[in-house]
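Trainee: just to be clear, the model below is a prediction. Sequence and coordinates:
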Amino acid sequence: MALSPREMQAAIIRNLPERTGRSLHAWVRETRQHGPAVANRSLRVERTAWLKAQHKLGHIQAQVIAAHAEHSGGAHEQGTVLSDTLFPVGSQARVFSDAALEHAREIGCMFDVVPCRTYVGLRTTSSPALQFAVFNPIRDHTSTPAGALAVGLALPEPSDGVRGSELRPAPARRGLGGSSRTTNEFVA
């Protein structure tokens, strides 16, 4: 079964001692004591680069440690905080996303809402869990109205000679929210 971003982060933290010889707490202490304290760019970016170069950690491991070293807890720490940051209460994007979620629940769709730092994903509750939609607030107001919402859907395609419910996943390509499965994208 596919893991949500929050579950992936928890697995990385859980596996740090086995894979690196140190717990998250030990890595955070090391990063704060010996890692960059001032940055030309983002402190998290500098610390991530330092952990990778100095300690040969993988990129995601280093990102998680750097995020915790600055007390942010990473990209997937609190779903409601992330959702409220992406879609402020009263914004047009919030109104659209709330309406879409309510409608999906009314027609009986079973899904989990998975807030991430830059988008909110919808994931099936069945096994294997698949992300089938992403909601992404549009921040570039040059071509779209302020508060617009980009929606990406990963709709299945009918297989050759197959009818009805026997569908295959959409072909991979890069889409909204970093998803390679979005096949249809639109702005609301």
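Mentor: Ah, there it is. Numbering: from 1, shown residues only.

Trainee: run through who's touching whichever strand or helix holds residue 64.
Mentor: Using DSSP states H and E, residue 64 sits in helix 59-69. Contacts with helix 59-69, where a contact means C-beta atoms under 8 Å, 6 or more residues apart in numbering, come from 9, 12-13, 16, 19-20, 24, 27-28, 31-32, 35, 43-45, 47-49, 51-52, 55, 57, 73-75. For the C-beta atoms, the positions are set from N, CA and C on the backbone; glycine is no exception.

Trainee: tell me which of those residues fall in helices.
Mentor: With DSSP state H as the criterion, helices contain 9, 12-13, 16, 19-20, 24, 27-28, 31-32, 43-45, 47-49, 51-52, 55 from among the contacts of helix 59-69.

Trainee: what subset of those is buried?
Mentor: Those of the ones in helices among the contacts of helix 59-69 that meet the buried threshold are 9, 12-13, 16, 20, 24, 27-28, 31, 43-44, 47-49, 51-52, 55, by 16 or more other C-beta atoms under 10 Å.

Trainee: and the contacts of stretch 101-108?
Mentor: 111, 113, 122.

Trainee: mind redoing it with 10 Å?
Mentor: 109-111, 113, 120, 122, 133, 135 (C-beta atoms under 10 Å, 6 or more residues apart in numbering).

Trainee: could you dump these to JSON lines with secondary structure, neighbour count and distance to residue 95?
Mentor: Shown next, in JSON lines, are those (DSSP: H, G, I helix; E, B strand; the rest coil; neighbours: other C-beta atoms under 10 Å; distance: C-beta to C-beta, whole Å):
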{"residue": "109", "secondary structure": "coil", "neighbour count": "14", "distance to residue 95": "19"}
{"residue": "110", "secondary structure": "coil", "neighbour count": "9", "distance to residue 95": "24"}
{"residue": "111", "secondary structure": "strand", "neighbour count": "19", "distance to residue 95": "20"}
{"residue": "113", "secondary structure": "strand", "neighbour count": "16", "distance to residue 95": "16"}
{"residue": "120", "secondary structure": "strand", "neighbour count": "22", "distance to residue 95": "14"}
{"residue": "122", "secondary structure": "strand", "neighbour count": "21", "distance to residue 95": "17"}
{"residue": "133", "secondary structure": "strand", "neighbour count": "27", "distance to residue 95": "17"}
{"residue": "135", "secondary structure": "strand", "neighbour count": "26", "distance to residue 95": "12"}
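
Trainee: so which of those residues would you say is closest to residue 83?
Mentor: Nearest to residue 83 among the contacts of stretch 101-108 is residue 120, at 6.1 Å by C-beta to C-beta.

Trainee: how about the contacts made by the closest one?
Mentor: 79, 82-83, 86-87, 97, 101, 113-114, 133-137, 149, 177.
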